[in-house]
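J.: mind folding the following:
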Amino acid sequence: MEVQISHLQYAIDTFYFLVCGALVMWMAAGFSMLEAGLVRSKNTTEILTKNIALYSISCIMYLLCGYAIMYDGGLGLIAIESVKESEVLASFAEKENPLLGDAVYSSASDFFFQVVFVATAMSIVSGAVAERMKLWAFLAFAVVMTGVIYPIEGAWTWNGASVFGMFKLEDLGFSDFAGSGIVHMAGASAALSGVLFLGARTGKYTPTGKAVAIPGANMPLAALGTFILWMGWFGFNGGSVLKLSDIGSANSVAMVFLNTNAAAASGVIGALLTSMVLFKKADLTMALNGALAGLVVITAEPSTPTALTASLFGLIAGIVVVFSILGLDKLRIDDPVGAISVHGVVGLLGLLIVPITNPDVLLVGQIAGALTIFVWVFVSSSVVWWILDKVVGLRVTKQQEYEGVDRSECGVDAYPEFIK
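T.: Numbering: from 1, shown residues only. Modelled structure (predicted):
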């Protein structure tokens, strides 16, 4: 009987991991549609090319070296293979109760679940640098980001490695359940660095510094992308429970799903109400970013809040993201899709509120973790951006930007029927 239970638990946990990974992979489609909707039509093909290429690069680089750096502390490919049946049974035999304890699943499923998180972090960069960056410069950065930069900070945070041999974040009381900081703030930190190197899009700001609205080309696509991301987030947060095959884990998964959905819904309301107060209009783009802000803020700890508390966190995130987008515009930091605000500012907020519902987490640890992630990713990204700028250049010419990077970078118009 115990052997049958062990087989079943292993199968359930592995299958659950794979399904959640597939949901997170589907977020790549969400980012693609969201960004395609929020950029101008003349830049649509290029943004879609970036998204499918960065996902592919993420998968390859994490397989070649990223996974090894993050979980083995070195360079080189870790052998990813199914756990032997004898090893699974032996791990269960060591437990007094085979239905309690850590999850047991194949290393292949663990890799698959981890690699889609890497791609998510890189997708955040894509939207922020849209409409004026050279395609191949961006893809070159993706190689380093997904193969080295992200895995190193992932080793410090999720694998318990010491930060440059000086201290361990887990000893300071740091916790990030599914990656508000580790994934989202890391992606936003790299994006911020890239935006500062690139500068704003031509015509985005007047000589006096006032921001000029540059509407996206396709609001239905942007809304569809947000709903896809919302759906994928259930795998993002739910899969981070790591198992499903016992009562405690099943209840935890259900609570994570509930809180993830509640925070997103409240984020929409918070952003809509704020836009009504500030603009006297129900701004759809703010509502979409409000949903994503709610999802990001709850990602740091979706299992311990009550549903009402999660809703409150989402509401606050929806309000914060609107003011953050406006604040970055005042600083002349041009982010076409609001990625730095959604994933960076709100990602930081998500880390800082974890101690409210999880007494085992310390605020000082969250601050130390946030600073470690930001400083490492921002500085290392800046070095890579600087090298790329000197070697190949980061920005397209003014003429190429005027005509649209679809033609100069891809040679294909996304909407040829509407182009003269």
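J.: could you check how far Ile182 is from Ala217?
T.: 32 Å (Cβ to Cβ, to the nearest Å). Any C-beta I mention is one placed from the backbone N, CA and C, and that applies to glycine too.
J.: among those two, which residue is more densely surrounded?
T.: Taking neighbours as other Cβ atoms under 10 Å, Ile182 and Ala217 compare with Ile182 leading, 26 against 18.
J.: who's in contact with the more buried one?
T.: Glu153, Gly154, Thr157, Trp158, Asp176, Ile373 (Cβ atoms under 8 Å, 6 or more residues apart in numbering).
J.: need those in CSV with distance to Asp389, pLDDT and secondary structure, can you?
T.: Formatted as CSV, the contacts of Ile182 follow (distance: Cβ to Cβ, whole Å; pLDDT from 0 to 100; DSSP: H, G, I helix; E, B strand; the rest coil):
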residue, distance to Asp389, pLDDT, secondary structure
Glu153, 23, 97, helix
Gly154, 26, 96, helix
Thr157, 29, 96, helix
Trp158, 31, 95, coil
Asp176, 31, 97, coil
Ile373, 24, 98, helix
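J.: I'd like the residues you listed written out as CSV, with neighbour count and distance to Trp230 added.
T.: CSV is the format used below for the contacts of Ile182 (neighbours: other Cβ atoms under 10 Å; distance: Cβ to Cβ, whole Å):
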residue, neighbour count, distance to Trp230
Glu153, 28, 26
Gly154, 26, 24
Thr157, 25, 25
Trp158, 19, 24
Asp176, 27, 21
Ile373, 28, 25
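J.: just name the closest of the residues you listed to Arg40, please.
T.: Ile373 (32.1 Å; Cβ to Cβ).
J.: for Glu301, give me the pLDDT.
T.: Among the per-residue scores, Glu301 shows a pLDDT of 98.
J.: excluding its backbone neighbours, what's nearest it?
T.: Excluding its sequence neighbours, the residue lying closest to Glu301 (Cβ to Cβ, 6 or more residues apart in numbering) is Val354, at 4.4 Å.
J.: what distance do you get for the one you found to Gln366?
T.: Counting by Cβ to Cβ - Val354 and Gln366 are separated by 6 Å.
J.: please apply the same query to Val342.
T.: To Gln366, Val342 is 19 Å away according to Cβ to Cβ.
J.: again, but for Gly270
T.: Separation of Gly270 from Gln366 (Cβ to Cβ) stands at 22 Å.
J.: again, but for Ala263
T.: In terms of Cβ to Cβ, Ala263 sits 18 Å off from Gln366.
J.: C-terminal to the lowest-mean-pLDDT helix or strand in the chain, what's the next element?
T.: Across the helices and strands of the chain, the lowest-confidence element by mean pLDDT, DSSP states H and E is helix 85-93, at a mean of 55. Sequence-wise, the next helix or strand downstream of helix 85-93 (DSSP states H and E) is helix 107-128.
J.: what is the helix or strand just after that next one packed up against?
T.: Counting by DSSP H and E, the next helix or strand C-terminal to helix 107-128 is helix 135-144. On a contact count with 3 or more Cβ pairs under 8 Å, 6 or more residues apart in numbering; DSSP states H and E, helix 135-144 meets helix 44-61, helix 107-128, helix 363-391.
J.: what sits up against helix 135-144?
T.: Counting by Cβ under 8 Å, 6+ apart, 46, 49-50, 53-54, 57-58, 61, 122, 125-126, 129, 190, 194, 381, 384-385, 388-389, 392-394, 405, 409-410 sit against helix 135-144.
J.: over it, what's the mean pLDDT, rounded is fine.
T.: Mean predicted confidence for helix 135-144 is 98.
J.: can you list the buried residues in that helix?
T.: By neighbour count on 16 or more other Cβ atoms under 10 Å, the buried set for helix 135-144 is Leu135, Ala137, Phe138, Ala140, Phe141, Ala142, Val143, Val144.
J.: mind giving me a markdown table with those and columns for distance to Leu34?
T.: Shown next, in a markdown table, are those (distance: Cβ to Cβ, whole Å):
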| residue | distance to Leu34 |
| --- | --- |
| Leu135 | 19 |
| Ala137 | 22 |
| Phe138 | 17 |
| Ala140 | 24 |
| Phe141 | 20 |
| Ala142 | 18 |
| Val143 | 24 |
| Val144 | 24 |
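J.: just the closest of those to Gly248, please.
T.: For the buried residues of helix 135-144, with Gly248 as the reference and Cβ to Cβ as the criterion, the closest is Ala142, at 38.5 Å.
J.: what separates that closest one from Thr157, distance-wise?
T.: Using Cβ to Cβ, we find Ala142 at a distance of 21 Å from Thr157.
J.: repeat for Val361
T.: Val361 sits 13 Å away from Thr157, going by Cβ to Cβ.
J.: again, but for Arg332
T.: 32 Å.
J.: cool, Leu242 as well?
T.: Counting by Cβ to Cβ, the gap from Leu242 to Thr157 is 16 Å.
J.: before we move on, the earlier item: list residues touching both of Val361 and Thr157?
T.: Phe174.
J.: is it correct that the residue nearest to Glu301 is in contact with Leu362?
T.: No. Under the criterion of Cβ atoms under 8 Å, Val354 makes no contact with Leu362, lying 9.4 Å away.
J.: who has more neighbours out of these two?
T.: Each of Val354 and Leu362 has its neighbours counted (other Cβ under 10 Å); Val354 has more, 26 against 16.
J.: all helices of the stretch 201-350 of the chain, in order?
T.: 219-238, 247-279, 284-299, 307-330, 339, 346-352 (DSSP state H, counting those that start in this stretch).
J.: output the ones you listed as JSON lines; include the columns distance to Phe112 and mean neighbour count.
T.: Formatted as JSON lines, the helices of the stretch 201-350 of the chain follow (distance: least, Cβ to Cβ, whole Å; neighbours: other Cβ atoms under 10 Å):
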{"stretch": "helix 219-238", "distance to Phe112": "11", "mean neighbour count": "21"}
{"stretch": "helix 247-279", "distance to Phe112": "18", "mean neighbour count": "20"}
{"stretch": "helix 284-299", "distance to Phe112": "19", "mean neighbour count": "30"}
{"stretch": "helix 307-330", "distance to Phe112": "28", "mean neighbour count": "22"}
{"stretch": "helix 339", "distance to Phe112": "25", "mean neighbour count": "29"}
{"stretch": "helix 346-352", "distance to Phe112": "24", "mean neighbour count": "27"}
